Each structure stands twice: as structure tokens, then as C-alpha cells.
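*Asks:* Sharing a model prediction with you, sequence too.
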Number of protein chains: 2
Amino acid sequence: MSLSRRRFLTGAGGTAAALAIGAGCSTDSGPAGAAARPGSTTVPFEGEHQAGVTTATQQRLLFVAFDVLPGTQPADLSLLLQTWTTLARRLTQGQTAGNTAPAGGAPPDDNGEALGLGPNSLTMTFGFGRSLFVATDGTDRFGLAAKLPAALQDIPSFGSLDVLDPQRSNGDIGVQICCDDPQVAFHAVHHLARTSKGVLTARWSQLGFGPSSSTSTKQTTPRNLMGFKDGTNNLNGEDRAAMTEAVWVGASDGPAWMTGGTYLVARRIRILLEVWDRASLTDQQTTFGRKKLNGAPLSGSTEFDDLDLDNKDRDGVPTIPLTAHVRLAHPTTSGVKLLRRGYNYADGIDAVTGQLDSGLFFIAFQRNPATQFVELQQQLAHVDALNEYIKHTSSALFAVPPGVAADGWIGRSLFE
Amino acid sequence: MSLSRRRFLTGAGGTAAALAIGAGCSTDSGPAGAAARPGSTTVPFEGEHQAGVTTATQQRLLFVAFDVLPGTQPADLSLLLQTWTTLARRLTQGQTAGNTAPAGGAPPDDNGEALGLGPNSLTMTFGFGRSLFVATDGTDRFGLAAKLPAALQDIPSFGSLDVLDPQRSNGDIGVQICCDDPQVAFHAVHHLARTSKGVLTARWSQLGFGPSSSTSTKQTTPRNLMGFKDGTNNLNGEDRAAMTEAVWVGASDGPAWMTGGTYLVARRIRILLEVWDRASLTDQQTTFGRKKLNGAPLSGSTEFDDLDLDNKDRDGVPTIPLTAHVRLAHPTTSGVKLLRRGYNYADGIDAVTGQLDSGLFFIAFQRNPATQFVELQQQLAHVDALNEYIKHTSSALFAVPPGVAADGWIGRSLFE
């Protein structure tokens, strides 16, 4: 275990002389405080569930996945999760990771790159991959195999839609970091990496912006990189009944340690923009089943009009085509509800084609991926008109444990 | 040449039924209008110089470099630059690239991903690489060899500091896109790529945030990813005398077509954060020559105190070490002034080491790179204490032609 993490845990750096980020401003502000000073808004860290799931989507994403290094013991892992809980508790509430200016010859506990920026609604949401429980060869790496959730199965292939890069997929531990400032998000990842040195190695990360979906009735619907409003029919985080039905693992679902948790599916979906740009507006609209400019369903006139899936034109042709994305994805057709919480991405230039490597980093939360994301995607895989314009280039699934109480830590229900 | 560009130029898509981005809001607002609606601020496109140089740094960068495809004729290039001028003139002033909802079976001229977001102080700054004038084998590719500026020389190697990736370096044409919203920046790059299809291929791109430096007396000094305030002693864009002295190519400098232009140097500088994190605060501060928390020089007490390079402690040791970055980079020592305008970057995980690939995308504008950036970097290359913590991983140099009048286009002075 690294020096900095030990110091952090023992409090030598973690509590003494810690400076609030954005010194001089209130860090306990809710939405009302936000108006007073940009960046000062905080999202509560403690609760029945982890933050960052039903939280209204912030403007930036930085997702990072880690693998556990060989030789790590279960006690190292639980200690790390306690360290990270302390870190997340501090950063999300607008404090530094620790002492930015220690006396003597010590390195600062906090590197200071986010000083003065405020927490910007930072959330840090932690999840465990299947490989943490059982290695691909079946090894019980950390004595956790008996606690593997039945729902934490590998996501099956979706045929030619999948061009997955295994190095950008899955991982032992995943952390979704969201906030309204990219430097604050970077600061969080930096200190996650720093405090896990010697225990974990970073596997992949993904930057996102937008967001691509709204998750709250208080938000206007953003546009994805195909130019369409995204999230009009998404679940809303404020809808507690829907969250209980579709997102949170119930006591009867099992395993017990996941009660109050959820499952996070991430898919990096590259948009073939050069093909999309040559599609007519009509083709684009029939692909989605919505009007591009105002987001209304093709059967309606304003964005939030209900989909009329039975509507037909004078020739009896469905107004919303049978292959339209909104028809196939709609719960009426698919029987599936999930909470989408994705971000747009722009990752530079494809070295082979010179085309933009950009698209959607799809994230969805659900109670059971097998009956929700996987079921839905299998329905979409061979018929959705959208498939002509996209490729899935990475895939990840993480079991997100429940939230923590004042004396709790992330994953305690799994490790104790 | 692609259909969409032809339509754009002939006005079939470029003028008819064009919608303002952020319809309903003023798009001619200056700073005063910004308070009325976030994102509505515009930077003038026309002028003696291109925008995006002395413009106060916006929050986001998306830099993209293109190469000209084989078989392209000089007339194709000048036509493309006229297309791009029309595009930049529209996007920077809050308009769409063209018709978002054409009648009939045509693809939209504008894909719509930035609808409703506002221009967000968008600037698009264009430059030409040495390879546009002469190929590496000496070929005069487009009849421009006689117009090659003497100042547009390849940047020499700086020894072991350079770990340059040629695929992320240089290029025939470079475009610096800056604004306060990453989706608006993406929209601009997307439509640059789209309208240049068949003439150019994208070579590399770089996302940045921060910025890492202030360029205006109206800005507070931001922090770089090493946690230090960056840009305290930078030139200010408002300082016209300094811009004339250090940034703008004068009539006597030559060639004539570059009068009012400048040279853009870009260096992707990876910060070895894992090493930096282990350095003591004292080491970090003597590396820079400044105090980390408040940015004051080690010889002073507040950020904007002048560097006292002669100050010594009781033992006669210089307070600002002889190898400190601020001492070596300061004009008093180096004799060099330039306008830094860089951004922080976070490009994921190094596949070999699992470390964060993050740092500074350094950009500097100057009148003559040989006597400014190259001269300065050669002075720093073997003594700057900062070199222990950084590697340069890409390099680019572009000749940025002057700005355009109401009837002008970018690069006209070169092509006519």
C-alpha cells in the first residue's frame, strides 16, 4: 500500500489542515446556493442508494475502470474501499482530498488542480465487475465467489453490431464520475488512481460531455451527436415508483448485499457520422421515429406527445415505422424500462479512415441487466433501423452496491 | 468535391431557411448579453487578425489537423477555404452551418447537434503547415513553395524531452477551435470535416479543458494539472504593444501574405503525475519557482509580485533557484516573449503502464517561432527543473494568416 494512502487513512493528511475547495464559499449549498456561486452545488454523498444514479445528469462524465493487481489480499481491497469512501465523501462535499500544503518534506495529499473550482455537483459512483468475483478461469480471487450476484453475467454478443475492444471493456472495479467541470472530474480520477497505487491499475477511462440524456423533469432534453433530442421518454430520477420498479435491487432479488444497489451497463457506441450525414432528413426521422427539430414523435406535434404506435397514414402505413428506434425501445413494445444516463464522446480521429471517432457513451441503470438491457438490446439487434449508423465498441457491466450511512463505506455489505 | 460542400457554396443550403442556433435569443450580444443567456456570447469573426489568438481563453479546446488528399488541385483548396470561411463566419456568429430541415430528400446541411446551445464564444483559427508548401521530398505540391515563410521551419528536436508521435504532429492545415461548450466545439469540427470531404482527411485532433493559462487581465489565473497557477506572467491579449512586438507578423517581416498573421506552436506535454505526486511540496515549489497555493514567486508574497531574480537567502542561495521554470522562462532571463494559450488534457490510460495520459496541450502564438518558442525551449531543454516531470509527445507548427474583411476569406492573401 502506498505511503499517501496510509497517511490518508490514519488522518495525518486526511483531516489536519484540510482546505475547502473554493475556500470562502459555502460548500453545503443546495440548488439555492448554486445561484450564489457557480460550481458550489453539492450532491449528498450518504444515503440508501449511491449518488450519481437518480441524480439529474451533470454536464461532464469521466468514467474509469480499474483492475486489481496480482498479490492483493481481500483486506487490501476493503481497506482501499474505505479510503475511497473517505475520498469521495470529501471531494463530493467540496473539500480537498487532504492537506495541500503539508509541513516538512512530505508530498501534498491533494495536488491542488481543483482548488478554487468548487464541487460542481460532483458524484462518484462505484461498481464491481464480474471478474472481481470469479476470474475467467473460475478462480475465486478474493473469497467473493459465493457472493457473485446471479444478475452479474457477461453481456452476450449482439452479432455484427459488436466491434468490442476488450481493453476498453469491463474491469474489476468501475467508477462513474460526473460533475459540471472537467477539471474537477479529472481531480477525482487522479486521486482515485493515486490512493489505489499498489492495489489497482487503471484499465480504461472515458470522457463524456452533454449529457446525451435528461434524467429529470427539471431538465430540458439535450441533443445527441446525431442531432436528435435524447431522453424525452427516459425515466426520471424523481419518479420513486419507477426507480423501485426498474432501477433499485429489492430485498427479494438477492443477494442481500446488493439490496438498494443497481446494475450499471456501459456501451461505447460509435456513430458512423459520415454515413449519417448522407442520410436524408426523412430517413433520419424514420430511423428514430421522431421529428429532428422539435423532438415530437412522427405521430404527434410536440416533444412530449405520447407515441401513437397505432397511427397510420392514408395508405395504412404506420406513421412510426415498425423498425423505428423509439417504437422498438418503447416499453409498450419491448416491455423493458431502464434509466439511461449516457454522455456524448469525441475521441479524436480513426487512424485508419481519418473519420471522427465519436458517438455516445451509453450508460443505463437497472435492477437486472438480463431482463432489461440485454433483453432490450436483443430485441433491437436485428431490426432497429438505427443499427445502420452505429457500432458498439466497448461493453461493461458493474454491480453498484447500495449507498452508505454516516459510518459506512462503499462495498461494506459485500466484504463484511 | 462533396455534394454538401457544393450546395453549401452555391447557397442552396447555406442561406435559405437557415436557423439561428439558440433560436429566439440574441446572437449579436457582447459580454453584456452573456448575462442575459448563458452561451449567447459571440466573438467577432472579421478583423485585421484572426480571432482566437488575443481572445480571452475560452473554457474548451478542440484542435484538429487535416492533410490534403492526393489529386487535389490548388483551386480545390482555395474553394475549400472559401467554404470554411462561410462556415466559420456563420457558426461563430450563432448561426447553423446551413439548412437543418431541407425539403425533399436532401440531407440536412447542419446536423443539429448544437441547436439551442448558442455560440458560447466560439472561435475558429486557421493555420497552414510547412507540408502544405513543400512535401518532405521537396515537391511543390500546390504551387505555393515560393510563398513558404522563412519562419515556417521544422521545429528541431529537444533531445530526450521529445517522445513525439508523428501521427499526432503537424499536418497540412490546423484549426484551433475554442469555446465554452464542448458540444459546440464538436459541431464545428464535425462540419469542417464534412465540408472538406474529398479534399482533406483528418490527421489528428486534441480535446482540452481548463484553460491552462489566462490571456486577459479580466481573468483569474487557472491551475494546470500540476496544481500550480499558470499564466500569471503571460502576455495579455489586451496589450496591443506587446501583441505588435511579440505576436503579429509585421509588414517588414515577410512574406507579405502573412502580414497581420502569427505562428502557432502546439506541443502535447504529458505530465508524469505519478512522479510529481511523490515530490515534496518544497521540490514542487522550487521546480516552478512559485508558491503552490497562492501562486506568488518564491521571492514574494502575492501572485502578481514581480519576480525578484536577485533575491538570496542568508546563505547566499537564490530564493528562486537557477533551474526554476519561472526564472528560465522569464523574459529577463530568456529574452523571449510569447502568448501562451494552452489547455489541460486527459486522454485516458497509458496501455502499457496503466498511468493517466494527461497533461498540457501547450499552444503559443508568436511572430517568429525560431527566435521565440524554439529559442526559449532550447534554453529550457537541458536545465529546466520541470523537465524531470514532463515529456513532449507531439509537436505542430502552423502559419496563421491574417484575418478577413467582410468580403474576404481565410488564406486569400496566400492563394491570390
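*Replies:* Arrived safely.

*Asks:* A:Asp315 - how many residues pack around it?
*Replies:* 5 (other C-beta atoms under 10 Å in any protein chain shown). Heads up, the C-betas are built off the backbone N, CA and C, glycines and all.

*Asks:* so what's it up against?
*Replies:* Residues counted as contacts of A:Asp315 (C-beta atoms under 8 Å, 6 or more residues apart in numbering or on different chains): none.

*Asks:* ok, A:Gly105 touching B:Gln284?
*Replies:* No: applying C-beta atoms under 8 Å as the test, A:Gly105 and B:Gln284 come out as separate, 11.3 Å apart.

*Asks:* out of the two, which sits in the busier spot?
*Replies:* B:Gln284 (23 against 10).

*Asks:* Point out the residues in the stretch 151-300 of chain A that sit beside chain B.
*Replies:* A:167, A:182-183, A:186, A:189-190, A:193-194, A:197, A:201-207, A:209-210, A:220, A:223-228, A:273-274, A:276-282, A:284, A:292-293 (C-beta under 8 Å from any C-beta of the partner chain).

*Asks:* Keep only those of those that are in strands.
*Replies:* In this view, these that belong to strands under DSSP state E are A:Thr201, A:Ala202, A:Arg203, A:Trp204, A:Ser205, A:Gln206, A:Leu207, A:Phe209.

*Asks:* Next up, the contacts around the last one.
*Replies:* Read it as A:Phe209. Here A:Phe209 is in contact with A:Gln59, A:Arg60, A:Leu61, A:Pro182, A:Tyr343, A:Asn344, A:Tyr345, A:Ala346, B:Pro182, B:Gln183, B:Phe186 (C-beta under 8 Å, 6+ apart).

*Asks:* How about the residue of the stretch 1-150 of chain A found nearest chain B, nearest residue that isn't a chain neighbour?
*Replies:* Here the stretch 1-150 of chain A gets closest to chain B at one residue, A:Gly112, 3.1 Å apart by C-beta to the nearest C-beta. In this structure, A:Gly112 finds its nearest non-sequential neighbour in B:Gly227, 3.1 Å apart by C-beta to C-beta, 6 or more residues apart in numbering or on different chains.

*Asks:* Can you list the buried residues in the longest helix anywhere in chain A?
*Replies:* Longest helix in chain A, counting residues (DSSP state H): helix A:74-92. Of all the residues in helix A:74-92, those buried under the rule 16 or more other C-beta atoms under 10 Å in any protein chain shown are A:76-92.

*Asks:* Looking at the residue of the stretch 301-416 of chain A found nearest chain B now. What's its pLDDT?
*Replies:* Nearest residue of the stretch 301-416 of chain A to chain B: A:Gly354, at 3.6 Å (C-beta to the nearest C-beta). On pLDDT, A:Gly354 comes in at 93.

*Asks:* now do the one 3 residues further on
*Replies:* Note for A:Asp357: predicted pLDDT of 97.

*Asks:* ok, now the one 10 residues further on?
*Replies:* Model confidence at A:Arg367, given as pLDDT, is 98.

*Asks:* Roughly how far does it sit from A:Val336?
*Replies:* 11 Å (C-beta to C-beta, to the nearest Å).

*Asks:* Neighbour count for those two, which is higher?
*Replies:* A count of neighbours by other C-beta under 10 Å puts A:Arg367 above the other of A:Arg367 and A:Val336, at 23 against 18.

*Asks:* Hmm, that one is touching A:Gly250, no?
*Replies:* Yes: in terms of C-beta under 8 Å, A:Arg367 counts as a neighbour of A:Gly250; the distance is 7.2 Å.

*Asks:* Now the helix or strand following the longest helix of chain A: average pLDDT?
*Replies:* With elements assigned by DSSP states H and E, the helix or strand that comes after helix A:74-92 is strand A:123-128. Confidence over strand A:123-128 (mean pLDDT, whole number) is 98.

*Asks:* what sits up against strand A:123-128?
*Replies:* For strand A:123-128, using C-beta under 8 Å, 6+ apart, the contacting residues are A:43, A:50-53, A:55, A:58, A:81, A:84, A:88, A:91-92, A:152, A:172-179, A:188, A:192, A:264, A:398-401, A:410-411, A:414.

*Asks:* Tell me what A:Ser205 is bridged to.
*Replies:* A:Val64 (DSSP bridges).

*Asks:* how far away is it from A:Ala296?
*Replies:* In terms of C-beta to C-beta, A:Ser205 sits 37 Å off from A:Ala296.

*Asks:* between the two, which one's more packed in?
*Replies:* Taking neighbours as other C-beta under 10 Å, A:Ser205 and A:Ala296 compare with A:Ser205 leading, 23 against 17.

*Asks:* Spit out the contact partners of that one.
*Replies:* If you count contacts by C-beta under 8 Å, 6+ apart, then A:Ser205 has A:Leu62, A:Phe63, A:Val64, A:Ala65, A:Val189, B:Ala346, B:Gly348, B:Ile349, B:Leu356 around it.

*Asks:* from those residues, which is closest to A:Thr100?
*Replies:* A:Val189 (17.8 Å; C-beta to C-beta).

*Asks:* measure the closest one to B:Asn344 for me?
*Replies:* With C-beta to C-beta as the criterion, A:Val189 and B:Asn344 are 13 Å apart.

*Asks:* what about those two, which has more around it?
*Replies:* Between A:Val189 and B:Asn344, counting by other C-beta under 10 Å, B:Asn344 is the more crowded of the two (27 against 22).

*Asks:* Looks to me like the more buried one is in a strand.
*Replies:* Yes: assessed by DSSP: H, G, I helix; E, B strand; the rest coil, B:Asn344 belongs to a strand.

*Asks:* I figured it was touching B:Ile363, is that so?
*Replies:* No: the criterion here is C-beta under 8 Å, and B:Asn344 misses it with B:Ile363 at 11.8 Å.

*Asks:* Surely A:Lys291 and A:Ser299 touch.
*Replies:* No: A:Lys291 is beyond contact range of A:Ser299, at 10.2 Å (criterion: C-beta under 8 Å).

*Asks:* about what we covered before: using ChimeraX, define a selection of the buried residues within the contacts of strand A:123-128.
*Replies:* The ChimeraX selection below is limited to those of those classed as buried (16+ other C-beta under 10 Å):
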select /A:43,50,51,52,53,55,58,81,84,88,91,92,152,172,173,174,175,176,177,178,179,188,192,264,398,399,400,401,410,411,414
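
*Asks:* Please name the nearest non-neighbouring residue to A:Arg278.
*Replies:* Nearest residue to A:Arg278 in three dimensions, chain neighbours excluded: B:Pro107, at 5.6 Å (C-beta to C-beta, 6+ apart).
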